[in-house]
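**Q** Any chance you could fold what I've pasted below:
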Amino acid sequence: YLNTDFGFMPRKIRVDHHHQTANKYQRPMTKVKLAISPNKIALALSLAGNLGKNWLGNRKTSEITLKPLNIFLSAFVVLALIGCSPAAIGLLGTYSTGPAKAVDVTQLPPMRVVGLVVNVPDTLRVSEANSYKPRADIVWRGDPSGDRYEQVKAIFMDGIGRGASTLQGDLPVVIHIDVRKFHALTDKTRYSVGGVHAINFLLSVVNGRSGEMIVPPYMVHANLKAYGGYRALAAERLGQTQKVRITDHLSALIVQELTGVAAKTAE
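**A** Residues are numbered from 1 along each chain as shown. Here you go, the predicted structure:
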């Protein structure tokens, strides 16, 4: 046993997989792969340091006492970042909060999309900074420098329009898209650690004949895994650029949202 500031703790726990009589309450161990980026770890360590300083204030404390405290706080913050809810993840810029889906589309007649309206508000913040995760609503490097609002709109029109064109039901509808976040990767992130294409938008559906609201606006979290490093370069050689992958993802996603049938989206 180790004598620590937190009391006596076992020096080592030995698990014998060949004998199952040790403890009837003991659960089998399971390997868990933690999907946490270096950015989150750095953020956790920074937060832990600040928490430690705020907690201890100006009290004189030895380095030996501080180390267990910082380790404990770091572990706590890292675990919180891994297991937090979508609302909490929003602090890291991955999710936007919004209303949930209120209508079960499987109970509606099959749809036929006769119109598509995409709005990318000019109130969204654009960043051209080449940092790991700029604080902005729109981050896009998949097109040459230009009007990022128009470029994002074109991606939605292409992806959503392509997927919607496959729906040939009896109910004519018009889709309304209100983009809230389109945060792809900067070059610095794409060619190193990779991450997530954070894409959030409000989706609503109205009757193409009467104009009646069929599906009230709700938030769609269309996040997509973003390749990094060698995998990003390999994907580009196969023609799977950021733009191609995101467009294909939106195309499959809109079919899923309007039919209620799970679609195979990009991995």
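**Q** Would you map the helices across the stretch 101-250 of the chain?
**A** 148-164, 187-190, 229-237, 242-259 (DSSP state H, counting those that start in this stretch).
**Q** winner for burial among those helices?
**A** Most buried of those, by mean neighbour count (mean count of other C-beta atoms under 10 Å): helix 242-259, with a mean of 21. Where C-beta positions appear, they are placed from N, C-alpha and C, glycine not excepted.
**Q** just to revisit the earlier point, could you redo the helices of the stretch 101-250 of the chain as JSON lines and give each row distance to residue 204 and mean pLDDT?
**A** Formatted as JSON lines, these follow (distance: least, C-beta to C-beta, whole Å; pLDDT from 0 to 100):
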{"stretch": "helix 148-164", "distance to residue 204": "13", "mean pLDDT": "98"}
{"stretch": "helix 187-190", "distance to residue 204": "32", "mean pLDDT": "92"}
{"stretch": "helix 229-237", "distance to residue 204": "33", "mean pLDDT": "93"}
{"stretch": "helix 242-259", "distance to residue 204": "11", "mean pLDDT": "96"}
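**Q** Identify the residues contacting the nearest residue to residue 221 once chain neighbours are set aside.
**A** Spatial nearest neighbour of residue 221, excluding adjacent residues (C-beta to C-beta, 6 or more residues apart in numbering): residue 200 at 5.6 Å. For residue 200, the contacting residues are 95-96, 98, 179-181, 219-223, by C-beta atoms under 8 Å, 6 or more residues apart in numbering.
**Q** for residue 104, same thing?
**A** Here residue 104 is in contact with residue 260 (criterion: C-beta under 8 Å, 6+ apart).
**Q** distance of it from residue 205?
**A** Here residue 104 is placed at a distance of 13 Å from residue 205 (C-beta to C-beta, to the nearest Å).
**Q** what's the answer for residue 251, then?
**A** In terms of C-beta to C-beta, residue 251 sits 17 Å off from residue 205.
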